[in-house]
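**Student:** Sequence first, then the predicted structure, then my questions.
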Amino acid sequence: MTNKTFITEFSKIINLPTNQTQQILDNLKNFICELVQKGIKVNIKNFGSFKLVQKNERLCYNPQTRGKVLSPQKKVVVFKMSNQLL
């Protein structure tokens, strides 16, 4: 499902115009991103949780050169789905 079809279908469910629905979803996404960037775990009941995790550096394998490459330390966002969605 594309973003456009998702917004169209969701706007029908909540009985709002698509441009207003788009704005609401964009604001929600931006709010979640801001919280996660600050290191705050965001838990949405019956949906899942978002959190920022620090990944250590590690050795990776490059299949083209068949050599080992050091992957640097980085932060990634992890989403854990709620059991209700299973």
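**Tutor:** That came in fine, so what should we check first?

**Student:** And the pLDDT at Leu86?
**Tutor:** The model reports Leu86 with a pLDDT of 76.

**Student:** Can you tell me how far it is from Leu70?
**Tutor:** Remark: distance between Leu86 and Leu70 (CB to CB, to the nearest Å) = 37 Å. For the C-beta atoms, the positions are set from N, CA and C on the backbone; glycine is no exception.

**Student:** Look at the two and report which has more neighbours.
**Tutor:** Leu70 (8 against 5; other CB atoms under 10 Å).

**Student:** in its sheet, what does whichever strand or helix holds that one sit against?
**Tutor:** According to DSSP states H and E, Leu70 maps onto strand 67-71. Paired neighbours of strand 67-71 in the sheet (DSSP bridges): strand 58-62 (antiparallel).

**Student:** what number of residues lie near Thr21?
**Tutor:** 20.

**Student:** Nearest residue to it in space, ignoring adjacent ones along the chain?
**Tutor:** Distances taken as CB to CB, 6 or more residues apart in numbering put Ser11 closest to Thr21, at 3.9 Å, once the chain neighbours are dropped.

**Student:** and what of Lys68?
**Tutor:** Leu59 (5.1 Å).

**Student:** element containing Phe10?
**Tutor:** Following DSSP H and E, one finds Phe10 within helix 3-14.

**Student:** which secondary structure elements does that helix contact?
**Tutor:** If contacts are counted by 3 or more CB pairs under 8 Å, 6 or more residues apart in numbering; DSSP states H and E, helix 3-14 sits against helix 18-37.

**Student:** How about residues contacting the helix it packs on?
**Tutor:** Residues from elsewhere that reach helix 18-37, judged by CB atoms under 8 Å, 6 or more residues apart in numbering: Ile7, Thr8, Phe10, Ser11, Ile14, Leu16, Val42, Phe50, Lys51, Leu52, Val77.
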